[in-house]
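Chemist: The sequence isn't on hand, but the structure is:
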C-alpha cells in the first residue's frame, strides 16, 4: 500500500491527541504511519515499545519504534525511533536522555527522536553521536516548553503552536524528504 499523509491531516491528528489523548502512546500510530508512508517499501516500521529488551537485543532501554529491512528480525534494525510526548519536560530533553540515545546508537547507526513537532535525526557509530539534524514544525524560536500553554479541557482546544502556513509547508516538505532519505 502506497500512501502519503497530508500535512493538514497530520496537524489535525496531533491536535486531537493533544486535546483528547495526551499521552506518549497516542503519538505512536500517527508517527508510525508517517514513517511508513515516506520510507521505501523494503523497510518495515513496527512498535516495539512494550517488548522486553532481552527479547530484542537492546542493552539499556527499548525504543518505541524500530525500522527493519523486510525479512530481518528485531535483532537487526536499520534504525529506531524514540517518541516523547509534548511538551517535553526538561527531564525528556535530548541532553538529559543522551544515555538512552547512546544505548540505541550501540545497536543502530540512525535514531529518530521526536515529539511529532520537533524531529531530531541522530547519526552515530558504536554508541557515539557523530551528527545531529533537526526539523521543527512548530515555533522553533521558543524552547519546547513554550509551544504549549495549560490546556483548558472545557474548551477542548489543542495548544500546539504550528509555524505559519508558508514556513510550515517548507518544514513539512523538508521532513518528508528527510524521512525518505534517512535510511539511504
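Modeler: Perfect, I can see it now. All of these numbers come straight from a predicted model, not from anything done at the bench.
Chemist: Just say helix, strand or coil for residue 119.
Modeler: Reduced to three states with DSSP: H, G, I helix; E, B strand; the rest coil, the structure at residue 119 is strand.
Chemist: which one is it nearest to, not counting chain neighbours?
Modeler: Computed as C-beta to C-beta, 6 or more residues apart in numbering, the closest residue to residue 119 that is not its neighbour in sequence is residue 135, at 4.7 Å. Any C-beta I mention is one placed from the backbone N, CA and C, and that applies to glycine too.
Chemist: Pretty sure the one you found sits against residue 178.
Modeler: Yes. Using C-beta atoms under 8 Å as the test, residue 135 is close enough to residue 178 to be in contact (6.1 Å).
Chemist: Can you pull the residues that touch both of these two?
Modeler: When C-beta atoms under 8 Å, 6 or more residues apart in numbering defines a contact, the residues bordering residue 135 and residue 178 alike are 119, 121.
Chemist: out of these two, which sits in the busier spot?
Modeler: With other C-beta atoms under 10 Å as the criterion, residue 135 and residue 178 differ in neighbour count, and residue 135 comes out ahead with 21 against 16.
Chemist: contacting residues around that one?
Modeler: Taking C-beta under 8 Å, 6+ apart as the contact definition, residue 135 lies against 118-119, 121, 171, 174-175, 178.
Chemist: can you name the two of these that are farthest apart?
Modeler: In those, the most distant members under the criterion C-beta to C-beta are 121 and 171, with 13.6 Å between them.
Chemist: Helices of this structure, start to end?
Modeler: For the chain, applying DSSP state H gives helices covering 7-20, 25-38, 53-56, 98-105, 165-181.
Chemist: Which other helices and strands does the last one contact?
Modeler: When contacts are defined as 3 or more C-beta pairs under 8 Å, 6 or more residues apart in numbering; DSSP states H and E, helix 165-181 packs onto helix 7-20, helix 25-38, strand 118-125, strand 128-136.
Chemist: Show me what the residue nearest the centre of the chain is bridged to.
Modeler: In the chain, the centroid-proximal residue (C-alpha atoms, centre = their mean) is residue 114; its distance is 3.1 Å. Under the criterion DSSP bridges, residue 114 forms beta bridges with residue 83, residue 119.
Chemist: Surely it touches residue 83?
Modeler: Yes. Distance between residue 114 and residue 83: 6.0 Å, which falls inside the contact criterion (C-beta under 8 Å).
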